[in-house]
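Visitor: next input, structure requested:
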Amino acid sequence: MENIFAKRMQGVPRSFIREILKVSLDPSVVSFAGGLPNPAFFPVAEIQRATERVFATYGAGILQYSNTEGDIKLREQISARYLAKKGLSIPPENIFITNGSQQGIDLLGKVLLNDGDRVLIEEPGYLGTIQSLSLFRVQFVPVPVGDDGMDVESLGRLSDGCGAKMLYTVPTFQNPSGITYSDDNREKVAALAKRNKFIVVEDDPYGELRFSGAGARSFAQYLPEQTVLLGSFSKVVAPGLRLGWIAAPAWICEKLIIAKQAADLHTSSFTQKILYEFLLENDLDEHIKKITQAYGTQCRAMQEGLSRHFPATISFTKPEGGMFLWGRLPKEMDSMQLFQEAVREKVVFVPGDPFYTNRSKTSAFRLNFSCVDPETIEVGIKRMARALEVYGACSCRG
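Guide: A predicted model of the protein is given here:
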């Protein structure tokens, strides 16, 4: 039965993080691996009350089929938040609700991409997008990312004449590196997109999780007719609701809605209404403030632990928000081998390989700080340091 599977399944990578999560189920293992929001901040009681209000108000009708675009009141909330937080005037008609922002990536692939099309993508980049767009048998054109954002010189060289249809980016608290593109960098990237006529897909699941520094502008402020915005409530409310959105120019929205209809008819109208009621009765900004205060404390604890226990030859990014930081071993070392030693020490992280489209051996690795308290972070960093000592000794003997 080998020939029963579609060719597009060939070469689609498994999610390495899902494999790591199997190891993380052992309660004695300290996990810096998953990109999970901290469940301590899931508003369980508030969502329970919102659910009760939904049933009291709408009864059985809330369990009926609904429209593809999503709850208009929820979309109005998102529109108002873009205006208040970003100064972006995006009408609710240009916003529609998805099953998390991950579905938005899939829908964009269906609408925009043919076999062999070129897609510009950050390197390192979000592994969920690498996996999702691999199904469309695209040619990835990786563009290096540094502390200030995308390498503009490389982007210019790679995009000129390449015919790429889109650039995928997480420009604020990037996954996996945690860096944020400067406004100057964004403006230069937008200028290249305008020159070479490709769409910028700005995925922003972490943008509200800022615990230091000043906010950055959106690509939509430079390039409104060529920018698609992906957003999510997963990191600021709860991922189990599976609620995200796409905000896009009308000419793209029309096609995306058709793809959404074909995929699943609509996102759950029940959970949309629950979320709307939650937002109506609770201060989302205050809720996010509690999350960012905790994440800031946890990030600092991780940075301080790394400074105490790791040699100066290993470098790390310094995120101002989000959930991740990115480490680099000396070039001759392999983070996958360090990972294997770390598992023996009962601590896990994500080696850098899955964040590269060619999945080649790399010295880089990602650490997540959102789901680990400062005391456990210290324990985990010490275990990683022991694993590094063992790996370093083995490397020297090898």
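Visitor: now do the buried residues in stretch 240-249.
Guide: By 16 or more other CB atoms under 10 Å, the buried positions in stretch 240-249 come out as 241-249. Heads up, the C-betas are built off the backbone N, CA and C, glycines and all.
Visitor: which one of those residues is nearest to G322?
Guide: Closest approach to G322 among the buried residues of stretch 240-249 (CB to CB): G244, at 16.6 Å.
Visitor: I'd guessed the closest one sits against I105; true?
Guide: No - applying CB atoms under 8 Å as the test, G244 and I105 come out as separate, 9.9 Å apart.
Visitor: between these two, what contacts are shared?
Guide: By the contact definition CB atoms under 8 Å, 6 or more residues apart in numbering, G244 and I105 are jointly contacted by L230.
Visitor: mean confidence score for the longest helix seen in the chain?
Guide: Counting by DSSP state H, the longest helix found in the chain is helix 284-309. Averaged across helix 284-309, pLDDT comes to 98.
Visitor: whatever helix or strand comes next after that helix: partners in the sheet, and parallel or antiparallel?
Guide: Going down the chain from helix 284-309, the next helix or strand is strand 315-316, by DSSP states H and E. Here strand 315-316 has these sheet partners by DSSP bridges: strand 324-328 (antiparallel).
Visitor: what does the strand it pairs with contact?
Guide: Residues outside strand 324-328 that contact it (CB under 8 Å, 6+ apart) are 35, 124, 173, 175-179, 299, 302-303, 306, 314-319, 363-369.
Visitor: are any of these buried, and which?
Guide: Buried among the contacts of strand 324-328 by 16+ other CB under 10 Å: 35, 124, 173, 175-179, 299, 302-303, 306, 314, 316-317, 319, 363-369.
Visitor: where along the stretch 51-200 of the chain do the strands fall?
Guide: Per DSSP state E, counting those that start in this stretch, the stretch 51-200 of the chain carries strands over the ranges 95-98, 118-123, 139-146, 149-150, 166-169, 199-203.
Visitor: tilt between the second one and strand 139-146?
Guide: Orientation note: strand 118-123 sits at an angle of 30 degrees relative to strand 139-146 (axes from the mean of the first three to the mean of the last three CA atoms, to 10 degrees).
Visitor: burial check on the residue lying closest to L388 once chain neighbours are set aside, number of neighbours?
Guide: Computed as CB to CB, 6 or more residues apart in numbering, the closest residue to L388 that is not its neighbour in sequence is L338, at 6.3 Å. Neighbours of L338 under the rule other CB atoms under 10 Å: 23.
Visitor: look at L338 and report its pLDDT.
Guide: L338 carries a pLDDT value of 96.
Visitor: quick check: mean pLDDT of stretch 375-382?
Guide: Average pLDDT, stretch 375-382: 98.
Visitor: make sure the residue nearest to L388 is indeed in a helix.
Guide: Yes - L338: assigned to a helix according to DSSP: H, G, I helix; E, B strand; the rest coil.
Visitor: state the distance from it to F5.
Guide: Per CB to CB, to the nearest Å, L338 is found 34 Å from F5.
Visitor: who are the packing partners of the one helix or strand in the chain whose mean pLDDT sits lowest?
Guide: Using mean pLDDT, DSSP states H and E, the weakest-scoring helix or strand in the chain turns out to be helix 16-24, at a mean of 74. Applying 3 or more CB pairs under 8 Å, 6 or more residues apart in numbering; DSSP states H and E, one finds that helix 16-24 makes contact with strand 347-348, strand 350-351.
Visitor: ok, then the element right after the last one?
Guide: Going back to what we said before, that points to strand 350-351. The helix or strand immediately downstream of strand 350-351 is strand 364-368, counting by DSSP H and E.
Visitor: tilt between that next one and helix 16-24?
Guide: Using the same axes, to 10 degrees, strand 364-368 lies at 60 degrees relative to helix 16-24.
Visitor: go ahead and name everything in contact with the helix or strand following strand 364-368.
Guide: Later in the chain than strand 364-368, the nearest helix or strand by DSSP H and E is helix 374-397. Helix 374-397 is contacted by residues 30-32, 297-298, 301-302, 305-306, 308-311, 314, 332-333, 337-338, 341-342, 344-347, 349, 369, 372 when judged by CB under 8 Å, 6+ apart.
Visitor: filter the residues you listed to the buried ones?
Guide: 30-32, 298, 301-302, 305-306, 310, 314, 333, 337-338, 341-342, 345-347, 349, 369, 372.
Visitor: would you mind giving the domain segments of this protein?
Guide: The record assigns the chain these domain ranges, following automatic domain parsing: 2-42+286-397, 65-281.
Visitor: the nearest residue to Q139 once chain neighbours are set aside and A248: what is the separation?
Guide: Distance criterion CB to CB, 6+ apart; nearest residue to Q139, sequence neighbours excluded, is R118 at 4.9 Å. According to CB to CB, R118 stands 20 Å off from A248.
Visitor: now I72
Guide: 17 Å.
Visitor: got the contact list for V29?
Guide: Counting by CB under 8 Å, 6+ apart, V29 makes contact with 23, 346-348.
Visitor: redo these as CSV? Include distance to G380.
Guide: Listed next are these as CSV, based on distance: CB to CB, whole Å:
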residue, distance to G380
V23, 13
K346, 9
V347, 5
V348, 9
